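In: sequence below, structure please.
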Amino acid sequence: MEQWLPLIFGYLFIFGARVIDMSLDVIRILMLMRDRRVLAAVIGFFEVTVFVLALNEVLKGGLNDPGKVIAYAGGFATGNYIGSLIEERLAMGYLSIQVFPPMDCVNALVEQMRNAGFGITSVSGYGRDGERIILFILIKRKDLNKAMQIINKTDPEIFFNISDAKRIHGGVFPVRKGI
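Out: Predicted coordinates for the structure are as follows:
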């Protein structure tokens, strides 16, 4: 059994290092997308350091051990998944929601969103079925669930789209109570 321990620890090291490396990769890209270049560079330094250590362990003795390749690939896949969970938890940045509610829901939706502290702008438009009101709502990513609950409560069939807002200036955002 003792002869297997270094091999097992080697696989676990490769897997764990790759999970860390790829999780850092996801966070680094998030920082770049949020114009946090210095933080992205620092994260990139640690990311590449861990990557080199993992790759060195894989290449020791050649590529004759399929377990090392499996540990490396498994760590890569798991790291992407964990990185996405971390990114979701951080909920950094802003989102832009465009809502195309039925005319009979517009006032109720606007009122509920404003009561929740969201800034909302309405614009008149014309679609396939005639005049429409388009609502523009810019939110903090961490407030997405709250905004979606309001939209779905108003009308679960409402058409909307959500896109990333890279940079904003000004606006109205809910203030967290108790801070």
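In: elements contacting the top strand by length along the chain?
Out: Longest strand in the chain by number of residues (criterion: DSSP state E): strand 130-140. Using 3 or more C-beta pairs under 8 Å, 6 or more residues apart in numbering; DSSP states H and E, the elements in contact with strand 130-140 are strand 94-100, helix 106-115, strand 120-127. Quick note: C-beta positions are derived from backbone N, CA and C, even for glycine.
In: can you rerun that using 6 Å?
Out: Secondary-structure packing of strand 130-140 (3 or more C-beta pairs under 6 Å, 6 or more residues apart in numbering; DSSP states H and E): strand 94-100, strand 120-127.
In: quick one: strands adjacent to that strand?
Out: According to DSSP bridges, strand 130-140 forms sheet pairs with strand 94-100 (antiparallel), strand 120-127 (antiparallel).
In: after it, which helix or strand is next?
Out: Using DSSP states H and E, the helix or strand that follows strand 130-140 in sequence is helix 144-154.
In: isn't L95 up against K140?
Out: No. Judged on C-beta atoms under 6 Å, L95 makes no contact with K140 at a distance of 7.9 Å.
In: not including adjacent chain positions, what is the nearest residue to F136?
Out: Spatial nearest neighbour of F136, excluding adjacent residues (C-beta to C-beta, 6 or more residues apart in numbering): T121 at 4.5 Å.
In: scratch that, F13 is what I was asking about
Out: Looking at F13 with C-beta to C-beta, 6+ apart, the closest residue is E57, at 5.9 Å.
In: how far out from the middle of the chain is the helix or strand hosting the one you found?
Out: In the assignment (DSSP H and E), E57 maps to helix 37-59. Distance of helix 37-59 from the chain centroid (C-alpha atoms, centre = their mean, to the nearest Å) equals 21 Å.
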